[in-house]
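Undergrad: here is the input, now give the coordinates:
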Amino acid sequence: MLVGVATGLAFLWIGVEHAAVWGVLAFALSFIPYLGSVVAIGGSALMGFVQFGSLEMALLIGGVVLIIYGIEGGLLHRGSPAEPAA
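TA: Numbers count the residues shown, from 1 in each chain. Next comes the predicted model:
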């Protein structure tokens, strides 16, 4: 849930159209290991380029999502294994 809220608020602050929808999408994609974050980062960067027409904005938006996923994946889950031992 943190990923979705943080993404939505960050996109709202940047000025992305439909920031809440992107927040919900980021939340949903956070449940897909590895591939979900790649799709969220790439899709957000592509959306930033299409909406703003600037490579700098695409990199900014993709970087924001990368940082959010990095914080969620690295800091909040420190010390807990990615998958339980079988």
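Undergrad: which neighbouring elements make contact with the helix or strand harbouring G63?
TA: Assigned by DSSP states H and E, G63 belongs to helix 55-70. Counting contacts by 3 or more CB pairs under 8 Å, 6 or more residues apart in numbering; DSSP states H and E, helix 55-70 is packed against helix 2-14, helix 35-52. Where you see a C-beta, it was placed from the backbone N, CA and C, and this is true even at glycine.
Undergrad: which residue packs closest to L29, ignoring adjacent ones?
TA: With CB to CB, 6 or more residues apart in numbering as the criterion, L29 has its nearest non-adjacent residue at 3.8 Å, and that residue is G36.
Undergrad: doesn't S30 make contact with that neighbour?
TA: Yes: in this structure G36 lies within contact range of S30 using CB atoms under 8 Å: 5.9 Å.
Undergrad: give me the more crowded residue out of those two.
TA: Higher neighbour count among G36 and S30: S30, with 20 against 17, using other CB atoms under 10 Å.
Undergrad: list phi and psi for that one.
TA: Phi and psi for S30, reported as degrees, to the nearest 10, are phi -70, psi -10.
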